[in-house]
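Engineer: Structure of the sequence below:
(4 chains)
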There are 2 protein chains.
Amino acid sequence: MSQTAVVQIFKALGDPVRLQIVQRLSNGVPLCMGELSKDLGISRQGARKQIQALVSANVVQLHPGGREVKVQLDAATLAQGRDFIAALEAQWDQRLQALKQFAEQ
Amino acid sequence: MSQTAVVQIFKALGDPVRLQIVQRLSNGVPLCMGELSKDLGISRQGARKQIQALVSANVVQLHPGGREVKVQLDAATLAQGRDFIAALEAQWDQRLQALKQFAEQ
DNA sequence: ACAATATGCAACCAAATGGTTGCATATTGT
DNA sequence: ACAATATGCAACCATTTGGTTGCATATTGT
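Structural biologist: Numbers count the residues shown, from 1 in each chain, chains lettered A, B, ... in the order given. Just a heads-up that it's a prediction; the model follows:
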């Protein structure tokens, strides 16, 4: 997993509209673009651009069919983001452990 | 934990320079701004602005002392980001479980 | 006292971002 | 065939972002 990939993931999640989209998809039901664009407070084309940003970061996948396009969450990409943070925390905890041992010695 | 707080966290991590700064701090050793600005490929003031962005998102804390300012990671904020993703994944897995049961029935 | 070090602040700039509107196109239902 | 639906593409715009340079200020070491 490259550094830049992780940056893209976090950048994708670091926007209120995009995070809301992700949340709406997190229940596993793929939605088509039209549905997904509703209640976001922006135009359909505005929503489309945000969805494209999520696609570019692989946070979401598009599945065209007929005249509509289903948008589906990519849980594996979410896991990459979570794993990255977890790795940072692991280093952090390791350091705290070392400090504790030093204090006790 | 508010939605906007999480957005700020992800936005803070969604930049190559800032992510690199976070990684350098993840070993638990606080560094002062000068040290932190090195090897980032940008000027000190440029780095300063990125550090400020991390401060605003509470990803990092500043501890002034004498003429230097130590920058320290805030692991609790990292945990908030990780927890948010984990919650999304939990919803996702729950849905997959429901689909599995439906298929077996 | 003075030089060196560590930082802060503000103005400025180019590029990216987040949004809009307008129009074109493909699929579906009657 | 035709209307309605779902989407795509491009131009455009204001604001934010990521970076710079220049200068000021406070602390430290000799």
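
Engineer: Measure how buried A:G41 is and give me the count.
Structural biologist: A:G41: 10 surrounding residues under other Cβ atoms under 10 Å in any protein chain shown. Yep, even glycine has a C-beta here, placed from its N, CA and C like the rest.

Engineer: OK, contacts around A:G46?
Structural biologist: A:L40 (Cβ atoms under 8 Å, 6 or more residues apart in numbering or on different chains).

Engineer: and it, what pLDDT?
Structural biologist: On the pLDDT scale, A:G46 is placed at 98.

Engineer: for it, helix, strand, or coil?
Structural biologist: helix (DSSP: H, G, I helix; E, B strand; the rest coil).

Engineer: And stretch A:82-101, what's buried?
Structural biologist: A:82, A:84-85, A:88-89, A:91-92, A:95 (16 or more other Cβ atoms under 10 Å in any protein chain shown).

Engineer: is it anywhere near chain B?
Structural biologist: Yes: under the criterion of Cβ under 8 Å from any Cβ of the partner chain, stretch A:82-101 makes contact with chain B via A:82, A:85-86, A:88-89, A:91-96, A:99.

Engineer: What average pLDDT does that stretch get?
Structural biologist: Averaged across stretch A:82-101, pLDDT comes to 87.

Engineer: Also stretch A:57-66?
Structural biologist: The average pLDDT for stretch A:57-66 rounds to 97.

Engineer: Can you give me the first-to-last residue distance of that stretch?
Structural biologist: In stretch A:57-66, first residue to last residue: 25 Å (Cα to Cα, to the nearest Å).

Engineer: picking that back up, among the residues of stretch A:82-101 next to chain B, which lie within helices?
Structural biologist: A:82, A:85-86, A:88-89, A:91-96, A:99 (DSSP state H).

Engineer: DNA strand D versus A:L78, what's the distance?
Structural biologist: Between A:L78 and DNA strand D the computed distance is 22 Å (Cβ to the nearest atom of the strand, to the nearest Å).

Engineer: Backbone dihedrals for the closest residue to DNA strand D within chain A, please?
Structural biologist: As assessed by Cβ to the nearest atom of the strand, DNA strand D sits closest to A:G34 within chain A, at 2.7 Å. Backbone torsions for A:G34, taken as degrees, to the nearest 10, come to phi -60, psi -50.

Engineer: Can you confirm whether stretch A:8-22 lies near chain B?
Structural biologist: Yes: with Cβ under 8 Å from any Cβ as the measure, stretch A:8-22 is seen reaching chain B through A:8-16, A:19-20, A:22.

Engineer: Restricted to strands, list those residues.
Structural biologist: Judged by DSSP state E, strands contain none of the residues of stretch A:8-22 next to chain B.

Engineer: now, which of the residues you listed sits nearest A:S2?
Structural biologist: A:Q8 (9.3 Å; Cβ to Cβ).
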